[in-house]
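Asks: quick one, structure for this:
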Amino acid sequence: MAVAKSPDAALEVHVYAGTGGHSAWFSDDAGENWVHPNSHSGMYLEARVWSLASHPKTPERLFAGSDMGVFRWDEPDARWAHLPSPMQDVWSVAVDPKNPDVLIAGSRPAGLYRSADAGRTWKPLTAPGVIPASEVNGGPTRVTQILFDPVDRGTVWATIEIGAIYRSTDDGETWERKESGLVSGDVHGIAALQVPGRGKVLLATTNRGLHRSEDNGETWTVQEIPSPWPYCRAVVPRADDSGVVFLTNGNGPPGNDGFLLRSRDRGRTWENARLPGSLESTVWCVAVNPADPMLIYTCTNLGELFRSIDGGERWTRLPHLFGELRALHWRALPPGTRRAAHSLTRPVLKAAHLGWVAA
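Replies: Model (predicted):
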């Protein structure tokens, strides 16, 4: 099995997984082995972690949105710090690429908040038409993704389940609702891609299909995909401006089957990326990083994990099985960034590692 390595041999590939009830897991070897910090790490062992985000200029910290609020992972100390905020259940966190101290987070019930001091203080943002609960599912609405637009500086996008798509053109200070053409307000994810000579294309996922916009979100149209199911979750471009995009799909949450789809033409046409083996739930997350655009991770909702080291052409099923997975993130860190051990209560070695042979 090929082991992923950072293209810069001086950096280490660290992978993070957020779960629906077993907090966050950590891998320091590109996903081969995993540890599970306990509650003494600063985050309750059975927290639900919905979102993970970081900035390359601040390798010492990582942010997580959870059902217990916002947390900051302090890499040197290998501990979580809870960041008091007006939010209780945080479904999405994003760091401004221009400034690692600026964060925007989204909550359940749906609300948007901004911090200009790395999460120490927060202010609420006003988005027209956001409601706390939806009659469609009889439950709270939630902000499923925050995206700082990689094409248009100062533009930020937010997707709300069940709600709509929101756009800000002033770094998140004010917001506009953009839903013309959406066949469903159950919006899960969004991506923005530069189209050479033609501006920008936006792709957005819903429970009733993939949508496309070529007028900066003013209008949306349904984009055909090669799947028997319209349910789509994440849409993530490869981190190299190649036009390659990945789309996660399946037959519902959690579902019992799914596909990872790949486009080579910025979402116009799609093909099966062919994850190995039988899938037991909807494909859910995709993790990319410009530190190595060829290194990509994806997972199913019920915990199957896959890695590609050639930009998504071929995939390896990794051995660790999680429970419910809700977030994936990876980054390349300088060796020695972490200077303390994880706080663990369970053994990390199996019986076979100890030389034990069953009778």
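
Asks: go through stretch 147-166 and flag the buried ones.
Replies: The neighbour-count check on stretch 147-166 (16 or more other CB atoms under 10 Å) flags 147-150, 155-166 as buried. In this view, the C-beta of every residue, glycine as well, is placed from N, C-alpha and C.

Asks: sitting in helices, which of those residues do you find?
Replies: Among those, DSSP state H puts none in helices.

Asks: report the two of those separated the most.
Replies: 150 and 162 (26.5 Å; CB to CB).

Asks: now the end-to-end length of stretch 167-183.
Replies: Stretch 167-183 has its terminal residues 18 Å apart, counting by CA to CA, to the nearest Å.

Asks: so how far is it off the chain centroid?
Replies: Distance, stretch centre to chain centre, for stretch 167-183: 20 Å (CA atoms, centre = their mean, to the nearest Å).

Asks: and the contacts of that stretch?
Replies: Contacts of stretch 167-183 with the rest of the structure, by CB atoms under 8 Å, 6 or more residues apart in numbering, involve 96, 102, 104, 112, 114, 125-129, 152, 154-158, 164-166, 185, 204, 206, 208-209, 211, 213, 216-222.

Asks: how about stretch 128-136?
Replies: Defining contact as CB under 8 Å, 6+ apart, one finds that stretch 128-136 is touched by 109-112, 139-141, 160, 162-164, 166, 175-177, 185-186.

Asks: ok, stretch 195-204 next?
Replies: The contact list for stretch 195-204 (CB under 8 Å, 6+ apart) reads 151-152, 157, 159, 165, 182, 187, 189-194, 210-214, 216-217, 220, 223, 235, 245, 247, 266-267.

Asks: any of those buried? List them.
Replies: 157, 159, 165, 182, 187, 189-194, 210-213, 216-217, 220, 223, 235, 245, 247, 266-267.

Asks: quick one, what contacts the nearest residue to residue 94 once chain neighbours are set aside?
Replies: With CB to CB, 6 or more residues apart in numbering as the criterion, residue 94 has its nearest non-adjacent residue at 3.8 Å, and that residue is residue 146. Residue 146 sits next to 92-94, 104-106, 112, 156-158 when contact means CB under 8 Å, 6+ apart.

Asks: one more time with 10 Å, if that's ok
Replies: Going by CB atoms under 10 Å, 6 or more residues apart in numbering, residue 146 touches 51, 53, 65, 91-95, 103-106, 112, 114, 156-159, 166, 168, 172, 190.

Asks: how about residue 188?
Replies: Counting by CB under 10 Å, 6+ apart, residue 188 makes contact with 144-145, 159-161, 204-207, 231-235, 248, 253, 284.

Asks: let's see it at 8 Å
Replies: Shown in contact with residue 188 (CB under 8 Å, 6+ apart): 144-145, 159, 161, 205-207, 232-234.

Asks: if I look at residue 39, how far off is residue 180?
Replies: According to CB to CB, to the nearest Å, residue 39 stands 46 Å off from residue 180.

Asks: can you pull the phi and psi angles for the nearest residue to residue 76 once chain neighbours are set aside?
Replies: The shortest distance from residue 76 to any non-neighbouring residue, by CB to CB, 6+ apart, is to residue 339 (4.8 Å). Backbone torsions of residue 339, given as degrees, to the nearest 10, read phi -120, psi 10.

Asks: quick one: residue 339 and residue 77 touch, right?
Replies: Yes: Residue 339 is within contact range of residue 77, at 7.5 Å (criterion: CB atoms under 8 Å).

Asks: out of those two, which sits in the busier spot?
Replies: Shown here are residue 339 and residue 77; by other CB atoms under 10 Å, residue 77 has more neighbours (14 against 10).

Asks: ok, and the closest non-adjacent residue to the more buried one?
Replies: Looking at residue 77 with CB to CB, 6+ apart, the closest residue is residue 340, at 5.2 Å.

Asks: secondary structure class for residue 353?
Replies: Here residue 353 is helix, with the state taken from DSSP: H, G, I helix; E, B strand; the rest coil.

Asks: residues in contact with it?
Replies: With CB under 8 Å, 6+ apart, residue 353 has no contacts at all.

Asks: per-residue confidence at it?
Replies: Residue 353 carries a pLDDT value of 82.

Asks: just give me how far the helix or strand of the chain with the lowest mean pLDDT sits from the chain centre.
Replies: None of the helices or strands of the chain scores lower by mean pLDDT, DSSP states H and E than strand 133-134, at a mean of 90. Put simply, strand 133-134 sits 23 Å off its chain's centre (CA atoms, centre = their mean).

Asks: strand partners (parallel or antiparallel) of that strand?
Replies: Paired neighbours of strand 133-134 in the sheet (DSSP bridges): strand 139-140 (antiparallel).

Asks: who touches the partner strand?
Replies: With CB under 8 Å, 6+ apart, strand 139-140 has contacts from 108-110, 132-134.

Asks: ok, 7 Å please
Replies: With CB atoms under 7 Å, 6 or more residues apart in numbering as the contact definition, strand 139-140 has outside contacts at 108-109, 132-133.

Asks: now render the residues you listed as a markdown table, adding distance to residue 21.
Replies: Shown next, in a markdown table, are those (distance: CB to CB, whole Å):
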| residue | distance to residue 21 |
| --- | --- |
| 108 | 15 |
| 109 | 20 |
| 132 | 24 |
| 133 | 23 |
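
Asks: so which of the residues you listed wins on neighbours?
Replies: residue 108 (23 neighbours).
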